[in-house]
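Novice: Here is a sequence together with a model predicted from it:
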Amino acid sequence: MPTLASAHRAVEAARLNRQRIPIAFDGSGLSVDYPSVMAEQDLVYLRAPHRASEAMPIGDGDLGAALWTPGCLRLQVQKSDLWRSATAERSGEPEATTQVAAGTLSLFTDPALFKGSAHYEQRLSLYNGTIHIESDADPGACQITAFASATTGIIVIHYADQMLRNGQRQIEVSLGRRAHPFALGHNIGLLQALPDRRYAMMARIEGKQAEASLTGRGSATLTVEPCRSSRFTLYLSVATSPVDGDPVRLARARLDTAMRKGYDRLLREQRQHWSHFWQKSVVRLHGPEDAPEAAFATNLWHLALYQLACCSRGYDPPLADGGLFRSLGDRREVSGIYQSAELRSILDGLIATNHLELSVPIVDSFYRMLPQMAARTESGMAGARFPEAFNYSGAEVSPPVFAAPAPPETPEEPLARDLPARFESGGIADPSGAEGLLTALLVWDAWRCAPDIFFLKERAYPLLRAASTYALDLARLRPPAMLPSDERALLRRALRALRWASREIDADEEHRADWELGERSLGEPTAMEIWNDAGGPLWHVDLAERLRALRPGPQGYMRGLAGVPDIAAAGAFCAEVSGMLLREEPLDVDAIAESVGGVHSGAGFAGAPLAALRVFPELPPGWSGSFSLIAPGGFRVSAEALEGRTRYAAIKSLLGGVCRIFNPWGPGIRIRVHDGHQVLHQTSASVIEIATRSGEAFLIEQGDNPIVRSVRLRMAGKRNLAPRAAGPYQLGLPPTPGLSPAVRPFRAPEAGEISDRLLRAGFQP
């Protein structure tokens, strides 16, 4: 007998059928016009960011800068391997470290072109990885394009202006601490010796004659000959070397390489690099008119992923406290401390988005520390104890203790950040080994999403073996009943994965029996442990509540009260939004019994508990969404939903293997699985199993609402023209009160037979 819920679904399906809903499906995944879709996520300032807390970020992963215009163009430049260390006075303490700024670059004009602008627009184009500025003031106008070159490791600033009379332009490099400025020919820069390395920052311009000189302020300047209009390109490089090296020569060589390519070629390479980056995954959310959090969260997700990409390609991992985007000099306490939990948050945000290339600094950092971690492990214990906190050289320290945040000094200029009140050294032993298990299992999950034999043998397996062996030795010192259930679940999953990997790479055969015995000693998982055993808790995302916790700044910095972003929070937000759209969940006994395609009991892919993928597990009611993300097993999953109802799910297998997925419409709803040529399954089961080969694509659609009844269009967007707001939070800066906005608000055209709801979802006829 039909239930009220099934009758409602039937009515809703009939209504959608009559409307012939557009979908962006190209036969294997989403059909996306990436330039226009990404232009919708641009960050727009309609007034000059005079405060450092409003600075925009640029970066190539190793070199980064925060850019703002306090009456001039200013960039504070950072590099991921600029460490200043000092041995602590008290014996036995690890060295105190901090990551320092390379210096500040300022471009001054006389008369000033950034004060009292009648028209101002500053745009961070995510698709190109560039910042473009247009300023029109009474003395004249200027146009600037700035980016951190992804192919040469330098910062490029293309500058042009038009003045009413002859004016002066001056480029200055400076540093808030003692350094050696220099002016050599057409180059200016800074040179500084740190305790264990030296670095040089060097700048040069092309397109105009400029005179290099030193000033009495401990800085160096390039002065351009006075003229009414000017156009030139500024190149800036930062190079590090050992204490006996020559960083000035290295910095000059990078400038020479970039200038041989020229600005136009560097810009083309920049656009190509970032366009390829964004095509690895797609996320888009749309809500009703009374739910601006949907579009806001989509914009924030892209900005967070951009921040991760801008500071995650160096030798060292990004520091969660600011990354490469500090804009207040070197004023940060405990800025040289890594916390494992924060690095896991960053890594977690990269997995589903298919950007594991950004995980290399994090994974390699833990791998390099294995000998030190093993040496610090308690006498008589095998494996390695992973630290909760450590510095850049791998020395273990106690995690910083944070004080309660103080209220802002003034409404106009809030405090810098919730800074640590004190810092303790010495290290705290992890009594359970859970810290290492959490880290190693996350690296393992990263490998499961993009299986690669080198990564398995050289990174994932060694980390998993060290963490599991130590945790198993600790567990054997206590009765199983004394071990908390979540720790049992972690260790059980790690040992299962370890045995699977050992067989896969033919290593440590003599230890497999001991690992299997250790897993059995932990007992069978309980119902409450099943989620931890599968690798993640069941959670629900309340985006409005998350925004209150994250306090995003105008440039998308999480908790960035004064332009110092929380990189770990950015990673966690990426993971949460991705988890709203696609998630791996364990299979229970009933689901296994009702599955289609020969699902059997036992371990799933790579030793994981038997699990299946679920699309749109946490999509809020009434919301529309589209995504293309990566899933364990090397499956690229794409799906669309309209007003809370899934339209289809498409799976492309990158490596082959078995893919299991929950019925997107729930148990009892008839679905059809086909590969574009023939129907493979027609079923109402709760779980579907599909045997795939590399490169194959499959479509899952509702039986009574096939996509042949839909209109196939390409997903497109409209260029963002203004700041985007959700409640008290705003991405971008509005125009100065009393001045006309730089652009007119966009007005949607008449849609004809297509409803306003579909236009908001980003479809174009």
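Specialist: Received, thanks.
Novice: Please report how far the residue nearest to Phe616 when sequence neighbours are not counted lies from Asp33.
Specialist: Of all residues not flanking Phe616 in the chain, Ala641 sits nearest, at 5.2 Å (CB to CB, 6 or more residues apart in numbering). Backbone N, C-alpha and C define where each C-beta goes, glycine included. Distance, Ala641 to Asp33, using CB to CB, to the nearest Å: 20 Å.
Novice: Neighbour count for the two, which is higher?
Specialist: Neighbour count, other CB atoms under 10 Å: between Ala641 and Asp33, Ala641 has more, with 23 against 16.
Novice: Sticking with that one, tell me its helix or strand.
Specialist: For Ala641, the enclosing helix or strand under DSSP states H and E is strand 635-642.
Novice: which outside residues touch that strand?
Specialist: Residues outside strand 635-642 that contact it (CB atoms under 8 Å, 6 or more residues apart in numbering) are 16, 21, 23-25, 29-30, 282, 354, 581-582, 613, 615-616, 619, 623-631, 646-654, 659, 664, 692, 761.
Novice: Following element in sequence after that strand, please.
Specialist: Note on strand 635-642: by DSSP H and E, the next helix or strand toward the C-terminus is strand 645-653.
Novice: Hey, what's the angle from the helix or strand just after that following strand to strand 635-642? Just curious.
Specialist: Where DSSP H and E defines the elements, the next helix or strand beyond strand 645-653 is strand 657-662. Inter-element angle recorded for strand 657-662 and strand 635-642: 30 degrees (by axes from the mean of the first three to the mean of the last three CA atoms, to 10 degrees).
Novice: Report the rounded mean pLDDT for strand 657-662.
Specialist: Averaging pLDDT along strand 657-662 gives 90.
Novice: what separates it from the chain centre, distance-wise?
Specialist: Distance of strand 657-662 from its chain centroid, counting by CA atoms, centre = their mean, to the nearest Å, is 27 Å.
Novice: How about stretch 304-318?
Specialist: On CA atoms, centre = their mean, the centre of stretch 304-318 falls 8 Å from that of its chain.
Novice: residues of it that come out buried?
Specialist: The neighbour-count check on stretch 304-318 (16 or more other CB atoms under 10 Å) flags 304-314, 316-318 as buried.
Novice: For these, give me TSV that also has secondary structure and distance to Leu214.
Specialist: Putting these into TSV (DSSP: H, G, I helix; E, B strand; the rest coil; distance: CB to CB, whole Å) gives the following:
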residue	secondary structure	distance to Leu214
Ala304	helix	41
Leu305	helix	42
Tyr306	helix	37
Gln307	helix	36
Leu308	helix	38
Ala309	helix	37
Cys310	helix	32
Cys311	coil	32
Ser312	coil	36
Arg313	coil	34
Gly314	coil	31
Asp316	coil	32
Pro317	coil	37
Pro318	coil	34
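Novice: re the thing from before, could you please name the strands the strand holding Ala641 pairs with and the direction of each pair?
Specialist: Next to strand 635-642 in the sheet, as set by DSSP bridges, lie strand 624-631 (antiparallel), strand 645-653 (antiparallel).
Novice: next structured bit after the longest helix along the chain?
Specialist: Across the chain, the longest stretch assigned as helix under DSSP state H is helix 485-505. Later in the chain than helix 485-505, the nearest helix or strand by DSSP H and E is helix 512-521.
Novice: For stretch 113-122, give the mean pLDDT please.
Specialist: 89.
Novice: and what of stretch 189-206?
Specialist: Mean predicted lDDT for stretch 189-206 stands at 94.
Novice: now swap in stretch 385-400 and tell me
Specialist: 88.
Novice: Give me the distance from it to the chain's centre.
Specialist: Centroid separation for stretch 385-400 versus its chain: 23 Å, with CA atoms, centre = their mean.
Novice: Once you drop chain neighbours, what's closest to the most centrally placed residue in the chain?
Specialist: For the chain, the residue nearest the mean C-alpha position is Leu305 (3.0 Å; CA atoms, centre = their mean). Nearest residue to Leu305, sequence neighbours excluded (CB to CB, 6+ apart): Cys574, at 5.6 Å.
Novice: got the contact list for that neighbour?
Specialist: So Cys574 contacts 301, 304-305, 308, 348-350, 352-353 (CB under 8 Å, 6+ apart).
Novice: how about Leu285, secondary structure?
Specialist: Using DSSP: H, G, I helix; E, B strand; the rest coil, the structure places Leu285 in strand.
Novice: so who does it touch?
Specialist: Counted by CB under 8 Å, 6+ apart, Leu285 has contacts 294-295, 297-298, 577, 623-625.
Novice: Repeat that for Ser312.
Specialist: If you count contacts by CB under 8 Å, 6+ apart, then Ser312 has 61, 318, 346, 350, 358-359, 361-362 around it.
Novice: so can I have CSV of the strands paired with strand 635-642 showing mean neighbour count?
Specialist: CSV is the format used below for these (neighbours: other CB atoms under 10 Å):
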stretch, mean neighbour count
strand 624-631, 24
strand 645-653, 22
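Novice: May I see the ones you listed organised as JSON lines, with mean pLDDT and distance to Thr223 added?
Specialist: Listed next are these as JSON lines, based on pLDDT from 0 to 100; distance: least, CB to CB, whole Å:
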{"stretch": "strand 624-631", "mean pLDDT": "95", "distance to Thr223": "51"}
{"stretch": "strand 645-653", "mean pLDDT": "93", "distance to Thr223": "57"}
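Novice: what are the ranges of the strands in the stretch 1-150 of the chain?
Specialist: Using DSSP state E, counting those that start in this stretch, the strands of the stretch 1-150 of the chain run over residues 22-23, 43-45, 56-59, 63-68, 73-86, 96-110, 119-125, 130-137, 140-148.
Novice: Please disregard the earlier target; I meant the stretch 551-700 of the chain.
Specialist: Ranges of strands in the stretch 551-700 of the chain, per DSSP E, counting those that start in this stretch, are 582-586, 611-615, 624-631, 635-642, 645-653, 657-662, 671-674, 679-683, 687-692, 697-702.
Novice: Return the angle between stretch directions for the fifth one and strand 582-586.
Specialist: When you say that, I think you mean strand 645-653. 80 degrees.
Novice: and strand 645-653, how far out from the chain's middle?
Specialist: The answer for strand 645-653 is 24 Å, by CA atoms, centre = their mean.
Novice: Can you check what angle separates it from strand 611-615?
Specialist: Calculated by the same axes, to 10 degrees, strand 645-653 forms an angle of 130 degrees with strand 611-615.
Novice: contacting residues around strand 645-653?
Specialist: Contact with strand 645-653 is made by 12, 16, 21, 23, 25, 28-30, 615-616, 633-641, 659, 661, 664-665, 690, 692-702, 705, 707, 710, as judged by CB under 8 Å, 6+ apart.
Novice: Counting neighbours, which of the residues you listed end up buried?
Specialist: Among the contacts of strand 645-653, those buried by neighbour count (16+ other CB under 10 Å) are 16, 21, 23, 25, 28-30, 615-616, 633-641, 659, 661, 664-665, 690, 692, 696-702, 705, 707, 710.
Novice: re the thing from before, roughly how far does the residue nearest to the centre of the chain sit from Trp447?
Specialist: Using CB to CB, one obtains 21 Å as the distance from Leu305 to Trp447.
Novice: Over to Tyr34?
Specialist: According to CB to CB, Tyr34 and Trp447 sit 28 Å apart.
Novice: Looking at these two, which has the bigger crowd around it?
Specialist: Per other CB under 10 Å, whichever of Tyr34 and Trp447 has more neighbours is Trp447, with 24 against 16.
Novice: Could you find the closest non-adjacent residue to the more buried one?
Specialist: Trp447 sits nearest to Ala460 (CB to CB, 6+ apart), 4.4 Å away.
Novice: All good on my end, thank you.
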